[in-house]
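>>> Below are the sequence and a predicted model; questions follow.
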Amino acid sequence: MVVVGLLGQPGVDGITIRLALAALALCIWTTALALRLRSAQGRPL
């Protein structure tokens, strides 16, 4: 991970990894939400 390499200081790795995982989860969640909205618009309920 580039972020971990940049902030590879003692005591920062754990926080950096948590932030990276949180950002990744947020990206996945927003992508899933966008796909749901797109499929909902494409199909009449």
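Yes, it's here.
>>> what's the burial count for Q41?
Around Q41 sit 9 other residues, with neighbours defined as other Cβ atoms under 10 Å. Using the backbone N, CA and C atoms, a C-beta is placed for each residue, glycine as well.
>>> quick one: buried residues of the helix or strand harbouring it?
The secondary structure element spanning Q41 is helix 13-42 (assigned by DSSP states H and E). By 16 or more other Cβ atoms under 10 Å, the buried positions in helix 13-42 come out as T16.
>>> for that helix, packing partners?
When contacts are defined as 3 or more Cβ pairs under 8 Å, 6 or more residues apart in numbering; DSSP states H and E, helix 13-42 packs onto helix 2-6.
>>> Can you list the low-confidence ranges for the protein?
For the chain, applying pLDDT under 70 flags the ranges 1-12, 43-45.
>>> how about a cut-off of 80?
Filtered on pLDDT under 80, the chain yields the residue ranges 1-14, 42-45.
>>> Alpha carbons only: can I get stretch 36-45 in PDB?
As requested, the backbone C-alpha atoms of stretch 36-45 are provided in PDB (Å, rounded to 0.1, in the frame of the first residue of the first chain):
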ATOM      1  CA  ARG A  36     -28.700  -0.500  -6.900                       C
ATOM      2  CA  LEU A  37     -30.000   2.900  -7.900                       C
ATOM      3  CA  ARG A  38     -29.100   2.300 -11.500                       C
ATOM      4  CA  SER A  39     -30.800  -1.100 -11.600                       C
ATOM      5  CA  ALA A  40     -33.800   0.400  -9.800                       C
ATOM      6  CA  GLN A  41     -34.100   3.200 -12.400                       C
ATOM      7  CA  GLY A  42     -33.700   0.700 -15.300                       C
ATOM      8  CA  ARG A  43     -36.400  -1.700 -14.000                       C
ATOM      9  CA  PRO A  44     -39.900  -0.500 -13.300                       C
ATOM     10  CA  LEU A  45     -40.800  -1.800  -9.800                       C
END
